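Peer 1: pasting the sequence and the predicted coordinates here, then a few questions.
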Amino acid sequence: MSAFWLLMIILALAAVGFIMGRRRAISSVQGDGRLLHSLPNYYGFNVAMLAFVPAVLVLGAWVIIQPMLISGQVSTHIPAALYEDAGQLNLIMSDVKRVADGLDAAILQGVLSADDASLLNTETTDVRALLGEVGVALGSDVAPSVLSAAQEMRGKTVSGNLIMTIVVLLVAATGFVAAMMMTRRDFRARNAVESGVKALLIAAASIAILTTIGIVLSLIFNTITFFGMFPASDFLFGLTWSPEGRGGSEHLGILPLLWGTIYISIVALLVAVPIGLFAAVYLSEYASRTTRAIAKPLLEVLAGIPTIVYGLFALTVVGPLLVNFFGADGLGWMQGARSVMTAGLVMGIMLIPFVSSLSDDIINAVPQAMRDGSYGLGATQSETVRQVVLPAALPGIVGAILLAASRAIGETMIVVMGAGAAARLDLNPFEAMTTVTAKIVSQLTGDSDFASPEALVAFALGMTLFLLTLGLNVLALYIVRKYREQYE
Amino acid sequence: MSDASLQNGPEMGTPRAKSSLLELDQRTKKRNAAEARFRAYGIAAIAVGLVFLVVLISSIFFKGVGAFQQTFITLDVELLESKLDKTGERDIEKIKKVTTFGYNPLIENALKAAMEEAGVENPFAKGKDLRKMLSSGAAADLRDFVIANPDRIGDTVQFRLLASSRVDGYLKGRVTRESLARDKNLTPVHLDVVDQLKDAGVVAKSFNLGFITGADASESRPEQAGIGVSMLGSFYMMLVVLACALPIGVAASIYLEEFAPQNWITDLIEVNISNLAAVPSIVFGILGLAVFIQFAHLPQSAPLVGGLVLTLMTLPTIIISTRASLKSVPPSIREAALGIGASKMQTVFHHVLPLAMPGILTGTIIGLAQALGETAPLLLIGMVGYIASNYPGGLIEGFMSPNSAMPAQIYEWAKRADPAYYERAWGGIIILLVFLMTMNIIAIILRRRFERRW
């Protein structure tokens, strides 16, 4: 029985459980609901919960673990002569899986009987043609060892599924019966159901932790595999990036990418920080209520525009504009539309509202008494801002700038479209350079398989990016939090 | 001593600088100038920001609006029986055997007839050159029509066929005679013909519904490309995000805000959430690739996987806004409920949650809008390339079969070499922004309509 139908049966059981549990609770007090500890519905929910939850947990675990166990067992039976490394074994195993699926399909369509499928022989039948008939196309003829492995896999899966069905139904029935036995007039059904709901809430909250663990594990495992194929020192300290050079001559040094990332981020911050900071100061210290009510949301529109729009803006508007001034017809510093300047400028525009709204919050948090004191001593408004408000808000503003820097480093679409593809260590901001994020995209969207160092390097790059942005964020949050406590 | 002596002040021999409040001294002037400058910097900063916004919006509009118009050539095509159904049996299988090549002569004849009628001299010896004015997909349109209506064979039917992207570009001002000098797809001679046909009304621009509802087309046929299929991909992804992120996010926020004890595990969860909110989106793409595709073997490029990745990405946003709206429900509500005998769980689910609902929905819509515009993680799970080419067959296929999403489709178009695709990309952005704007406006209205001040 397939997992889907099993799930449906459990669901139906839970629904029946709800009705029966409710009825049993009511009949236990001869219809007088006031004598029950909880409302009748809680008794029903309790039965449904105990019938459903444990059975579904078992089902889910089984569906995930069974294929892993079976393919692990079957792969030990594949003759060692057929493969040299784990990659080839994987290929053979996926063949085995396809053949097994094909046999299933054949039985389902009535081409084969179940007995025929387990007695099938490569010498007497053309398995490939047979499976082709039922819609499973195979790349090559089926080797005898693959067929026998597939038959073994199928056999184990069939018996595994049978055991699964029995176990899951048994668990569901046990939960059902146990909950029904519990249903008496003084059973605290509400407390039982509520602790179940609370467990659900805790599970939802821990998904945040699971996500972080998932990110860290997927980065770490693939990075370790990568460092197994490629020396870590060459990656960390290499000055050239040219993954296309096949046959030992490839260079996967991260330094040019880091340089590009940092250079573009610096340009972006040089645009965003002065504009954002002055805008925030003006909006919070000078602007009238109406100006503020109009200008602030308008600036924040810039933050709501998807990055793909900025990317296209860099590629088709800002890039050609810069080429007009700095290209071959103008100053001659620029080769093409894609450059550090193009990406940096546009990224700066994107970051303006980010810097301004964060700084705005922080400037507003500076107590009015400090300003009043400064005015009382005869300072002008700008002197107050420069000598009292900004120094008081400085740690928070530094935090905001660090957050903006982390945004800039992690930004992908603008640099993919605006910065270029060549990895360079250069000082000319009108030269095309590339970044860590752009290379993650280009290394993982090609056709190369995941086992090659060219693809795996993307995980090492991702690890670098993750650590870098995490460090900046933690530092920024720490500074902001410490500062906030000072004045609240 | 009165005013008279004060006016003679300087002559009394005091070396002290004049310090009248009516006349500003050097230092005050400097300070005031600095004040004015500082204020001007502020105004300039805001002005620069707004100018950027205006430039961005206007370039989106002016570059993208062209995609909503397309050049069509209206032709009366005679569906010759001798070409399409030689036996005359109207056997659909035999009609299907005629490839698009078989339809080309019909189009050529129709074009020649139209030119004759408009009094345009035919400068081309070969019909093939003449056909270059039309999209290479025109024959396929014709064939689809014939297969759908085999009984019309033999009739003369009027078709509105897509012009080729070069002709379209010429009518929109993107293509000029100079730019065609080294173009092998079209020659300036074609443009002369197009000019005359335009005057005769055969060639005309009209609203391009195909762009909004259509599928992506291959690199050489930008005139056929549409964003409809990837819009559907985005739609399925948003369904997944809504179905996963809303319940999980609300449940997590309820736990953290209402039940969680103050201990290190709660702290750990909170720190995690605030960090996840700042992790670059591409890292979520790596996570999706490694966990959902490499490990769990879910199908590549499927909207289901895209939706799951975007769910993880938007969860922190939803949790943060949900917690804020739960926090804004005053404690007196909770205390009143507890006071009349509700359990903690009943208090939360019967009283606090309904009151916080408008805020939660606002946060969810903003989270969805953020997810809708996100591109980078989708590139890593393979939702880019020439894949949004067919409408999914059904609901399950919609979730599982390879599809693109609006932003990924825009990126794909921006990557293609033909400048005609830039116009499509900007047009796609207009559609994307219309969706985002609608969602944000709904969120603002919800907030205005239901926000309660306690």
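Peer 2: Right, received. Where do you want to start? All values derive from a computational prediction rather than experimental measurement.
Peer 1: in what helix or strand does the closest residue to chain A within the stretch 101-250 of chain B lie?
Peer 2: Nearest residue of the stretch 101-250 of chain B to chain A: B:I248, at 4.8 Å (CB to the nearest CB). Any C-beta I mention is one placed from the backbone N, CA and C, and that applies to glycine too. Following DSSP states H and E, one finds B:I248 within helix B:228-254.
Peer 1: repeat that for A:G373.
Peer 2: Here A:G373 is assigned to helix A:368-376, by DSSP H and E.
Peer 1: and chain B, is the helix or strand just after that helix touching that?
Peer 2: Remark: after helix A:368-376, the chain's next helix or strand is helix A:381-384, criterion DSSP H and E. Yes: interface with chain B: helix A:381-384 contributes A:Q381, A:S382, A:E383 (CB under 8 Å from any CB of the partner chain).
Peer 1: number of nearby residues for the nearest residue to the second one once chain neighbours are set aside?
Peer 2: What it means is A:S382. Leaving out its chain neighbours, the residue that sits closest to A:S382 by CB to CB, 6 or more residues apart in numbering or on different chains is B:F38, at 3.6 Å. Other residues near B:F38 number 20, with proximity taken as other CB atoms under 10 Å in any protein chain shown.
Peer 1: B:F38: which element?
Peer 2: helix B:26-64.
Peer 1: that helix: how far from the chain's middle?
Peer 2: 30 Å (CA atoms, centre = their mean, to the nearest Å).
Peer 1: any buried residues in it, and which?
Peer 2: B:31, B:38-39, B:41-43, B:45-46, B:48-50, B:52-53, B:56, B:59-60, B:63-64 (16 or more other CB atoms under 10 Å in any protein chain shown).
Peer 1: circling back to that earlier point, I'd like the residues of helix A:381-384 next to chain B as CSV, with neighbour count appended.
Peer 2: Listed next are the residues of helix A:381-384 next to chain B as CSV, based on neighbours: other CB atoms under 10 Å in any protein chain shown:
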residue, neighbour count
A:Q381, 16
A:S382, 21
A:E383, 17
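Peer 1: re the thing from before, what sits against the residue of the stretch 101-250 of chain B closest to chain A?
Peer 2: A:A204, A:I207, B:T311, B:L315 (CB atoms under 8 Å, 6 or more residues apart in numbering or on different chains).
Peer 1: could you redo the last one with a cut-off of 10 Å?
Peer 2: By CB atoms under 10 Å, 6 or more residues apart in numbering or on different chains, B:I248 lies in contact with A:A203, A:A204, A:A205, A:I207, A:A208, B:T311, B:L312, B:L315, B:I318, B:I319.
Peer 1: what sits closest to the first one if chain neighbours are left out?
Peer 2: The reference is to A:A203. Using CB to CB, 6+ apart, the nearest residue to A:A203 is B:A251, at 8.0 Å.
Peer 1: which element is B:F72 on?
Peer 2: strand B:69-78.
Peer 1: by contact count, what packs against that strand?
Peer 2: On a contact count with 3 or more CB pairs under 10 Å, 6 or more residues apart in numbering or on different chains; DSSP states H and E, strand B:69-78 meets helix B:100-118, helix B:138-148, strand B:156-162, helix B:165-172, helix B:188-200, strand B:203-207, helix B:209-213.
Peer 1: just send these back as JSON lines, with distance to chain A and mean pLDDT too.
Peer 2: Putting those into JSON lines (distance: least, CB to the nearest CB, whole Å; pLDDT from 0 to 100) gives the following:
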{"stretch": "helix B:100-118", "distance to chain A": "27", "mean pLDDT": "83"}
{"stretch": "helix B:138-148", "distance to chain A": "25", "mean pLDDT": "84"}
{"stretch": "strand B:156-162", "distance to chain A": "24", "mean pLDDT": "85"}
{"stretch": "helix B:165-172", "distance to chain A": "15", "mean pLDDT": "86"}
{"stretch": "helix B:188-200", "distance to chain A": "24", "mean pLDDT": "84"}
{"stretch": "strand B:203-207", "distance to chain A": "22", "mean pLDDT": "87"}
{"stretch": "helix B:209-213", "distance to chain A": "17", "mean pLDDT": "88"}
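Peer 1: pick the most buried one from the ones you listed.
Peer 2: Comparing those by mean neighbour count (mean count of other CB atoms under 10 Å in any protein chain shown), helix B:165-172 comes out on top with a mean of 24.
Peer 1: run a quick neighbour tally on A:L50.
Peer 2: 25.
Peer 1: that one contacts A:A172, doesn't it?
Peer 2: Yes: checked against CB atoms under 10 Å, the pair A:L50 and A:A172 is within contact range at 9.1 Å.
Peer 1: where do the contact lists of those two overlap?
Peer 2: With CB under 10 Å, 6+ apart as the test, A:L50 and A:A172 both reach A:A14, A:G17.
Peer 1: tell me the contacts of A:I65?
Peer 2: A:G160.
Peer 1: please read the previous query as pertaining to A:K439.
Peer 2: A:241, A:243, A:252, A:254, A:256-257, A:260-261, A:415-416, A:421, A:423, A:457-458, A:461.
Peer 1: that's a helix at it, yeah?
Peer 2: Yes: judged by DSSP: H, G, I helix; E, B strand; the rest coil, A:K439 forms part of a helix.
Peer 1: check contacts around A:E194.
Peer 2: Contacts of A:E194 by CB under 10 Å, 6+ apart are A:S38, A:Y42, A:F45, A:R188, B:S343, B:K344, B:M345, B:Q346, B:F349.
Peer 1: which one is B:T317 nearest to, not counting chain neighbours?
Peer 2: B:G367 (4.2 Å).
Peer 1: where's the one you found relative to B:A245, distance?
Peer 2: For B:G367, the distance to B:A245 equals 7 Å [CB to CB, to the nearest Å].
Peer 1: same deal with B:I396?
Peer 2: The value you get for B:I396 to B:A245, if CB to CB is used, is 21 Å.
Peer 1: what's the answer for A:V388, then?
Peer 2: Counting by CB to CB, the gap from A:V388 to B:A245 is 44 Å.
Peer 1: kindly report the same for A:S233.
Peer 2: Using CB to CB, we find A:S233 at a distance of 42 Å from B:A245.
Peer 1: output the below-cut-off pLDDT ranges for the stretch 201-350 of chain A.
Peer 2: By pLDDT under 70, the weakly predicted segments of the stretch 201-350 of chain A are A:244-249.
Peer 1: higher neighbour count, B:I396 and B:A245?
Peer 2: Neighbour count, other CB under 10 Å: between B:I396 and B:A245, B:A245 has more, with 27 against 10.
Peer 1: what's the closest non-adjacent residue to that one?
Peer 2: B:T311 (4.6 Å).
Peer 1: next up, the contacts around that neighbour.
Peer 2: Here B:T311 is in contact with A:207, A:211, B:237, B:240-246, B:248-249, B:284, B:318, B:367, B:371 (CB under 10 Å, 6+ apart).
Peer 1: now for whatever residue of the stretch 1-150 of chain B ends up closest to chain A: which residues touch it?
Peer 2: Chain A sits closest to B:G42 of the stretch 1-150 of chain B, with a gap of 2.7 Å, by CB to the nearest CB. Shown in contact with B:G42 (CB under 10 Å, 6+ apart): A:277-287, A:382, A:385.
Peer 1: narrow the residues you listed to those in helices?
Peer 2: Residues of the contacts of B:G42 located in helices (DSSP state H): A:L277, A:F278, A:A279, A:A280, A:V281, A:S382.
Peer 1: the first one contacts A:V355, correct?
Peer 2: This means A:L277. Yes: in this structure A:L277 lies within contact range of A:V355 using CB under 10 Å: 6.5 Å.
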